[in-house]
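*Asks:* No sequence on hand, only this structure:
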């Protein structure tokens, strides 16, 4: 169990998809399919759809907020987001899309959570539970 800061309230459970690379939702992820398309990205070709997406922070254009919202509206967005440090673009997108989001966990989530782990997040309580995959 890890404790952290709530950015957007809510609960979710699912399979983790973890990357050490920042993510741009404006051009770095195909908003129609939820597939990471940024060339050379650590998870290029992987789908974020229905995953607990764990990444350091967002990057890129402010249009990424709307792209994240649109992905969720289309059913291809993540179930929840865990960042090392939230930044405004991703946080606004998560607020619009009502995606549970946390950051500032007591341990680096990229080192503790592995792709394929089962993760539950209760951001209202500030708790992330990791069950090995």
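*Replies:* Ah, there it is. Remember, predicted model here, so these are calculated numbers, not experimental data.
*Asks:* Let me see the contact set for residue 117.
*Replies:* For residue 117, the contact set (C-beta atoms under 8 Å, 6 or more residues apart in numbering) comprises 15, 16, 130, 131, 132, 133. (C-beta placed from N, C-alpha, C; glycine too.)
*Asks:* Assumed the third one was part of a strand.
*Replies:* If I follow you right, that is residue 130. Yes. Per DSSP: H, G, I helix; E, B strand; the rest coil, residue 130 lies within a strand segment.
*Asks:* Name the single longest helix found in the chain.
*Replies:* Taking DSSP state H as the criterion, the chain has its longest helix at helix 63-74.
*Asks:* rewinding a little: buried subset of the contacts of residue 117?
*Replies:* 16, 130 (16 or more other C-beta atoms under 10 Å).
*Asks:* Can you redo the contacts of residue 117 as a markdown table, where the extra columns are pLDDT?
*Replies:* Shown next, in a markdown table, are the contacts of residue 117 (pLDDT from 0 to 100):
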| residue | pLDDT |
| --- | --- |
| 15 | 98 |
| 16 | 98 |
| 130 | 96 |
| 131 | 90 |
| 132 | 78 |
| 133 | 63 |
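*Asks:* Look at residue 42 and say how many residues are nearby.
*Replies:* Here the number of neighbours of residue 42 (other C-beta atoms under 10 Å) works out to 14.
*Asks:* where's it relative to residue 72, distance?
*Replies:* With distances taken as C-beta to C-beta, to the nearest Å, residue 42 is found 22 Å from residue 72.
*Asks:* Show residues contacting the longest strand seen in the chain.
*Replies:* If each strand of the chain is counted by residues according to DSSP state E, the longest one is strand 11-18. With contact meaning C-beta under 8 Å, 6+ apart, strand 11-18 is reached by 43, 46, 48, 50-55, 78-80, 99-100, 109-110, 113-124, 130, 133.
*Asks:* circling back: ok, so of the contacts of residue 117, who is nearest residue 85?
*Replies:* residue 16 (18.2 Å; C-beta to C-beta).
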